[in-house]
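*Asks:* quick one: sequence plus predicted model below, questions after.
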Amino acid sequence: KYKIGQLYMISKHSCEQSGGGEGVEVVKNEASVHPQHGPGQLTEKRIYLSSKLPSWAKAFVPRFFYVTEKAWNFYPYTITGVSFLPKFNIRIETKFENNNGDNDNVSMTERNVSFLDILSDPIPVKHYKESEDLSIWQSNKTGRGPLEKGWRNEQQPVMCSYKRVHCSFEVYGFQTKTEEFIHRNIRDILLVGHRQAVAWIDEWHGLSLDDVREYERAMQERTNSKVKSNQSSTGEDAAPDPHRGWERREREG
């Protein structure tokens, strides 16, 4: 069931966050077979986020700046890679397990471990919606909710998403600041997304995999249209290649 909820959440969240030339453009979404993890789905996305960058970073990028995300979803295992500059990369490995986060033997665990609680951990004020507040949310279809303190030890069924996040930005003077910014934003995205997956359960509960794939295709078309709308109106149908501009600045610097 969580696989259905995850796919639904990603599609709807991407559409909600897109518009005015920014958001998520899906370039590729196709079935794929991994030699180790078996059948799954390969997606490639362009994530436009100029306005979301800190002021010190905007001087380095074009107006319609995007990063490329490639994700291999072989549920319950996924690999996500994000690239922009030759010296900048993010890799996120995810393993979903039917437990409350008490598995200390997950092979991807690193020395810096953070536990995220979708009920009690704070999210940015701009992302708060009362309908997604799990302390007051209740599902009409399943009767679940609201969540209360200690819910991880009491709720059944329960699912944990274990993630290993690697981020590197090997540019002198910007490495620490950039890596901290990326980790902070990944944390916020994970919290908001997983809260939504639960809060939207009445929308996806009962859907089949074929149903959610059809929903995914429809939302993908709508999202791509929202992202491109403002770019077309300004005569910038295609974002410039960010790698090319960065390489030129490095040579000049």
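*Replies:* Right, received. Where do you want to start?
*Asks:* what's the burial count for residue 139?
*Replies:* The tally of other residues near residue 139 (other CB atoms under 10 Å) stands at 15. In short, each C-beta sits where N, CA and C put it, glycine included.
*Asks:* for stretch 31-45, give the mean pLDDT please.
*Replies:* Mean pLDDT, stretch 31-45: 87.
*Asks:* next one: stretch 12-26 to chain centre, how far?
*Replies:* Stretch 12-26 has its C-alpha centroid displaced from the chain centroid by 12 Å (CA atoms, centre = their mean, to the nearest Å).
*Asks:* could you give the mean pLDDT of it?
*Replies:* 81.
*Asks:* that stretch: which residues count as buried?
*Replies:* 12-15, 17-18, 21-26 (16 or more other CB atoms under 10 Å).
*Asks:* again, but for stretch 175-190
*Replies:* Quick answer for stretch 175-190 (16+ other CB under 10 Å): 178-179, 181-182, 186, 188, 190.
*Asks:* am I right that residue 40 sits in a helix?
*Replies:* No: counting by DSSP: H, G, I helix; E, B strand; the rest coil, residue 40 is located in no helix; its state is strand.
*Asks:* buried residues in stretch 116-133?
*Replies:* Taking 16+ other CB under 10 Å as the criterion, stretch 116-133 shows 118-119, 123, 132 as buried.
*Asks:* got the end-to-end distance for it?
*Replies:* Counting by CA to CA, to the nearest Å, you get 15 Å between the two ends of stretch 116-133.
*Asks:* for it, which outside residues touch it?
*Replies:* 134-137, 147-149, 151-152, 187-188, 190-192, 194-196, 198-199 (CB atoms under 8 Å, 6 or more residues apart in numbering).
*Asks:* switch the cut-off to 6 Å
*Replies:* The contact list for stretch 116-133 (CB atoms under 6 Å, 6 or more residues apart in numbering) reads 134, 147, 151, 188, 191-192, 194-196, 199.
*Asks:* how about stretch 157-168?
*Replies:* 2, 89-97, 99-101, 106, 108, 110, 179, 182, 186.
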